[in-house]
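> got a predicted structure plus its sequence, pasted below:
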Amino acid sequence: MAKTDKENKNAQKHFWKDFKAELKKVIWPTPKQIVNNTATVIGIVLITVVIVFILDVAFDALNTYGINKLRTLVENTNTTTETENVVDENSIDTNMVEEDSTENTTTEETNNIEEDTVGNEENEENTENTENAE
C-alpha cells in the first residue's frame, strides 16, 4: 500500500509539471487579435440574426397571404359545393313533390275520367230506358 500511495503522489506531480509545460507552449493571442476575433464573431452572429429575421418575416407573410388565402379559397369552394349539394337536394325534393303532385293530378284526372265514364254510361242507360218507355 505504501508503494501505491507513493506512486500516486509522483503521478500527480508529474501531471502538474506536464500541464505547466504545455501551457508554456501555447501561443496566446495579442489583445489586438482578441478584439479583432471578438468583433468578427459578433458580426457573424448579427448577420445570422438578420438572415433569420428576414426568413421569419418572409415565411410569416407567406403564411398570412399564401396559405391562409388558399385555406379560405378551399373553404369557400367546399361551402359552394355544399350549397350546390343542398340546392340539388332541394331540387330533388321539389322534383319529387312535383312528381307526387303530377301523380296526384294524374290520379285525380283518372278518377274524374272514370266518374265521367260511369256518369256517361248511366246517362246512356237512362236515355235508352226513356226511349224504350216511349
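Structure's in. What do you need?
> which residues of the protein fall in helices?
Ranges of helices in the chain, per DSSP state H, are 2-25, 31-62, 68-133.
> any idea which of the ones you listed scores lowest on pLDDT?
For the helices of the chain, mean pLDDT drops lowest on helix 68-133, to a mean of 63.
> would you mind writing the CA trace of stretch 62-77 as PDB?
This file holds the C-alpha atoms of stretch 62-77, laid out as PDB (Å, rounded to 0.1, in the frame of the first residue of the first chain):
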ATOM      1  CA  LEU A  62     -46.300  33.700 -47.000                       C
ATOM      2  CA  ASN A  63     -48.400  32.100 -44.300                       C
ATOM      3  CA  THR A  64     -50.700  35.100 -44.000                       C
ATOM      4  CA  TYR A  65     -51.100  35.900 -47.600                       C
ATOM      5  CA  GLY A  66     -50.500  32.500 -49.100                       C
ATOM      6  CA  ILE A  67     -51.600  29.500 -47.100                       C
ATOM      7  CA  ASN A  68     -54.400  31.300 -45.300                       C
ATOM      8  CA  LYS A  69     -55.700  32.600 -48.600                       C
ATOM      9  CA  LEU A  70     -55.600  29.100 -50.000                       C
ATOM     10  CA  ARG A  71     -57.300  27.800 -47.000                       C
ATOM     11  CA  THR A  72     -60.200  30.400 -47.300                       C
ATOM     12  CA  LEU A  73     -60.300  29.600 -51.000                       C
ATOM     13  CA  VAL A  74     -60.700  25.900 -50.300                       C
ATOM     14  CA  GLU A  75     -63.200  26.500 -47.600                       C
ATOM     15  CA  ASN A  76     -65.200  28.800 -50.000                       C
ATOM     16  CA  THR A  77     -65.100  26.000 -52.600                       C
END
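> how many residues are close by residue 33?
By other Cβ atoms under 10 Å, 10 other residues sit near residue 33. In this view, the C-beta of every residue, glycine as well, is placed from N, C-alpha and C.
> er, residue 66 I mean
Around residue 66 there are 11 residues (other Cβ under 10 Å).
> one more: residue 70?
10.
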